[in-house]
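Chemist: sequence first, then the predicted structure:
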Amino acid sequence: MRKHGFKQVENYIALFNKLSEGIFQELDRKERNIGKACEYLEMAQQKAIDLGNFIEENEGEGHKTVSHLEEYCEVLFQIHEEIQTERGLSALSAKARLDTSVSRIDESAHKDIEITKLVVFLPYKASMWDSLETVWKRRSQEPGTEALVIPIPYFDKNEDGSVKEMHFEGNDYPEDVPVVDFQKFQFEAEHPDEVYIHNPYDDLNIVTSVHPYFYSENIKKWTDKLIYIPYFVLADPDPSDEDALKHIAGYALSKGVVNADEVIVQSENMKKAYVEVLTRRFGEDSRQTWENKIKGTGSPKIEKLLAMKEQDIPLPEDWQRVIMKPDGTKKKIILYNTSLVAFLNAEGKMVTKIKDALQVFKENKDDVALLWRPHPLTMATLESMMPDLCEAYKAIVEQYKKEGWGIYDDSPDMDRAIIVSDAYYGDGSSLVQLYELLEKPIMIQNAEVLCCEEG
């Protein structure tokens, strides 16, 4: 039985104890109120029947606790009959018999009803699943735990903040991840014991939004524990550096962090930075709350990457054609990462920079294989915030894909690209920290510097 359901069992038992006390009080009066005592006895009997049905629905017929409920009903009937006789039954005797019977029910419930946990994972973008995957695998292997992956929909936003088309990536998860249809799962009725999320922004993201039903402030209404794990990895901060704290504030003060019961970040230094930022925002009296809530136990993204091996990763045929030389040897693979922040900071220069970078790699395609992996929200961001750049960027992507000399990776599997590539080139992003951990070469591009200037 689920923990949420077992609470109902405990509530029934608590009610039986209250009714026993009520029966005692009515029988212990100078003028015994037999009528009221009988009402309590009849109520207790009906509630015992209700509880027995509830247990059988959840645990199956013939459960041991139900047999104790049947004995309880028999005791209730006997007391009901005896208190109405001329001699009557003493209040103390009635209460002793009821207490003994209820105690047996309570003992059996806690001993014979197996408590199971329902843990739900709510990813929204399949490419960010790696921030939850290793946790899901561990939880799904725990005895008495059911761990469900329920991908949720999200929307792109217009410039004015209104939502436009909906996206759902439930079919893009690895084959070993059984997904549950969010439209068929009764979240409030099931009341998961724990819910994991990796989107903390609720209504504050200016580019995309998960469905409002899955905002953190609403999820808290139908789970006992909300857990947030960031989908990104940042440069590990110095908690005493004011500039670092200002940078972290944009992440630490998100609604998901504030609303969650537990937040798991990449390191102890990151925890200290989160705690400091949150304490400054909510007051020194709140520090212990954040100390207890924020856990610096590590990012699942890093955990997964460190466990992966290149030889275990199958590559698509079109990738193989780009990567392999005519003599059968493999080219060096460079992952080219273009980020959202770079577009926002460099204004229109990023389109020119991308053209320039692609030209350089094209000229060296016989020795180097380019694996271009733009941020998955690039197109949506440009449409929402920089519509004048959108068509130019789209034309670059289409030409690159059409020419076919490099790899364009818009798949959900970011880890595959990181593991098979030999080095990183592109904008500063969370991927840089991952390449550092893997001790692979890194070069950050500068939108101000072009290699193929005209003339």
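Modeler: Done, it's in.
Chemist: what are the ranges of the strands in the stretch 201-350 of the chain?
Modeler: Remark: strands assigned in the stretch 201-350 of the chain by DSSP state E, counting those that start in this stretch are 208-210, 225-228, 262-264, 294-295, 332-337.
Chemist: packing partners for the last one?
Modeler: Of the remaining helices and strands, those touching strand 332-337 by 3 or more Cβ pairs under 8 Å, 6 or more residues apart in numbering; DSSP states H and E are helix 349-363, strand 368-372, helix 414-420, strand 423-426. From N, CA and C alone the C-beta is placed, and that goes for glycine too.
Chemist: 6 Å instead, please
Modeler: Applying 3 or more Cβ pairs under 6 Å, 6 or more residues apart in numbering; DSSP states H and E, we find strand 332-337 packed against strand 368-372, strand 423-426.
Chemist: dump those strands to TSV, plus mean neighbour count, mean pLDDT and distance to Gly60.
Modeler: Listed next are the helices and strands packed on strand 332-337 as TSV, based on neighbours: other Cβ atoms under 10 Å; pLDDT from 0 to 100; distance: least, Cβ to Cβ, whole Å:
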stretch	mean neighbour count	mean pLDDT	distance to Gly60
strand 368-372	24	97	54
strand 423-426	20	96	56
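Chemist: those strands: which one's closest to Arg287?
Modeler: strand 423-426 (37.4 Å; Cβ to Cβ).
Chemist: just the angle between the following helix or strand past that closest one and strand 332-337, please?
Modeler: Where DSSP states H and E defines the elements, the next helix or strand beyond strand 423-426 is helix 430-437. In terms of direction (axes from the mean of the first three to the mean of the last three Cα atoms, to 10 degrees), helix 430-437 departs from strand 332-337 by 150 degrees.
Chemist: after helix 430-437, heading C-terminal, what element do we hit next?
Modeler: As assigned by DSSP H and E, the chain's next helix or strand after helix 430-437 is strand 442-444.
Chemist: can you give the distance of that next one from its chain's centre?
Modeler: 31 Å (Cα atoms, centre = their mean, to the nearest Å).
Chemist: the strand or helix carrying Glu42: which residues count as buried?
Modeler: Assigned by DSSP H and E, Glu42 belongs to helix 34-59. Applying a neighbour-count criterion of 16 or more other Cβ atoms under 10 Å, one finds 37-38, 40-41, 43-45, 47-48, 51-52, 54-55, 58-59 buried in helix 34-59.
Chemist: which of those sits closest to Thr145?
Modeler: Asn58 (16.6 Å).
Chemist: who touches that closest one in this structure?
Modeler: Under the criterion of Cβ atoms under 6 Å, 6 or more residues apart in numbering, the contact list for Asn58 reads 1, 5.
Chemist: for it, give me the pLDDT.
Modeler: For Asn58, the pLDDT comes out at 91.
Chemist: any idea how far it lies from Glu114?
Modeler: Separation of Asn58 from Glu114 (Cβ to Cβ, to the nearest Å): 10 Å.
Chemist: rewinding a little: with the buried residues of helix 34-59 in mind, which one is nearest to Asp176?
Modeler: Closest to Asp176, out of all of the buried residues of helix 34-59 and judged by Cβ to Cβ, is Asn58, at 29.5 Å.
Chemist: check the offset of the helix holding Glu42 from the chain's centre.
Modeler: Using Cα atoms, centre = their mean, the offset of helix 34-59 from its chain centre is 39 Å.
Chemist: picking up where we left off before, nearest to Ile152, out of the strands of the stretch 201-350 of the chain?
Modeler: Closest approach to Ile152 among the strands of the stretch 201-350 of the chain is made by strand 208-210 (5.7 Å; Cβ to Cβ).
Chemist: now what about that closest one, what contacts it?
Modeler: Residues outside strand 208-210 that contact it (Cβ under 6 Å, 6+ apart) are 124, 152, 154-156, 199.
Chemist: now stretch 387-406
Modeler: Stretch 387-406 is contacted from outside by 351, 354, 362, 365, 370, 382-383, 408, using Cβ under 6 Å, 6+ apart.
Chemist: mind doing that once more with 8 Å?
Modeler: For stretch 387-406, the external contacting residues (Cβ atoms under 8 Å, 6 or more residues apart in numbering) are 159, 318, 322, 343, 348, 350-351, 354-355, 358, 361-362, 365, 369-372, 374, 378-379, 382-383, 408.
Chemist: stretch 367-380 too?
Modeler: Under the contact criterion Cβ under 8 Å, 6+ apart, stretch 367-380 has outside partners 125, 127, 156-157, 207-208, 319, 322-323, 331-340, 343, 358, 361-362, 381, 390, 393-394, 397, 400, 405-410, 414, 417, 420-421, 429.
Chemist: how about 7 Å then?
Modeler: 125, 127, 156, 207-208, 322-323, 331-340, 361, 400, 406-410, 417, 421 (Cβ atoms under 7 Å, 6 or more residues apart in numbering).
Chemist: show me how far that stretch is from its chain's centre.
Modeler: With Cα atoms, centre = their mean as the basis, stretch 367-380 stands 26 Å off its chain's centre.
Chemist: about what we covered before: kindly indicate which of the contacts of strand 208-210 lies nearest Gln183.
Modeler: Out of the contacts of strand 208-210, the member with the shortest distance to Gln183 (by Cβ to Cβ) is Ile152, at 10.2 Å.
Chemist: ok, the closest one touching Tyr215?
Modeler: No - using Cβ atoms under 7 Å, Ile152 makes no contact with Tyr215, being 10.7 Å away.
Chemist: ok, back up a step: who touches both of Asn58 and Glu114?
Modeler: Residues touching both Asn58 and Glu114 by Cβ under 7 Å, 6+ apart: Met1.
Chemist: can you classify the most far-flung residue of the chain relative to its centre as helix, strand or coil?
Modeler: Most distant from the centre of the chain: Glu86, at 64.7 Å, with distances by Cα atoms, centre = their mean. Recorded secondary structure, Glu86: coil (DSSP: H, G, I helix; E, B strand; the rest coil).
Chemist: would you mind measuring from it to Ala369?
Modeler: Between Glu86 and Ala369 the distance is 100 Å, computed by Cβ to Cβ.
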